[in-house]
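A.B. asks: Need coordinates for the following:
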Amino acid sequence: MAKTASISLPIEPAVKAQLEALYASFGISVTDAINIFLHTSLMEGGFPFQPKQPRYNAETEAAIQETKDILAGKVKAKSYANVKEMIEDLGLE
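C.D. replies: A predicted model of the protein is given here:
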């Protein structure tokens with residue numbers, strides 16, 4: 001069957017490079033991998049896997065939120081002049 005349609009989607013360059021390397025290790029291209037996913041979706045009648053939200057414990061969830069807040073500029077990240085100062089702040093000394 002001749003290919004007569006294309007799908008174009010934006011993707012982060014770093015993610016694209018990682019995918020290219022991953023699928024190259026299987027001897028296929030990203031396009032091949034997407035086609036496999038799409039054909040398998042048709043055979044399964046939906047996702048060929050169970051989509052799930054990642055589950056993290058409360059401490060990990062808090063760390064993820066803190067990171068998001070730092071990246072959004074809502075919270076100022078701590079910085080230290082040296083390792084000794086950081087260890088003292090953490091109460092490890």
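A.B. asks: Next one: the spatially most central residue of the chain relative to V30, how far apart?
C.D. replies: Geometric centre of the chain, nearest residue: V15, 8.0 Å, by C-alpha atoms, centre = their mean. Distance, V15 to V30, using C-beta to C-beta, to the nearest Å: 10 Å. (Each C-beta comes from the backbone N, C-alpha and C, glycine too.)
A.B. asks: same question, E93
C.D. replies: E93 is 49 Å from V30, by C-beta to C-beta.
A.B. asks: Show me which of these two is the more surrounded one.
C.D. replies: Using other C-beta atoms under 10 Å as the criterion, E93 and V30 rank with V30 on top: 14 against 8.
A.B. asks: wait, isn't that one in contact with L19?
C.D. replies: Yes: assessed by C-beta atoms under 8 Å, V30 is found in contact with L19 at 5.1 Å.
A.B. asks: Below-threshold pLDDT in the chain: ranges please.
C.D. replies: 1-2 (pLDDT under 70).
A.B. asks: Report the contact partners of G73.
C.D. replies: Contact criterion C-beta atoms under 8 Å, 6 or more residues apart in numbering gives no residues in contact with G73.
A.B. asks: Then the one 5 residues further on?
C.D. replies: Remark: with contacts taken as C-beta under 8 Å, 6+ apart, K78 is in contact with D89.
A.B. asks: Phi first, then psi, for L22.
C.D. replies: Backbone torsions of L22, given as degrees, to the nearest 10, read phi -60, psi -50.
A.B. asks: just how off-centre is stretch 35-53 within its chain?
C.D. replies: 19 Å (C-alpha atoms, centre = their mean, to the nearest Å).
A.B. asks: same question, stretch 50-68
C.D. replies: That offset, for stretch 50-68, works out to 13 Å (C-alpha atoms, centre = their mean).
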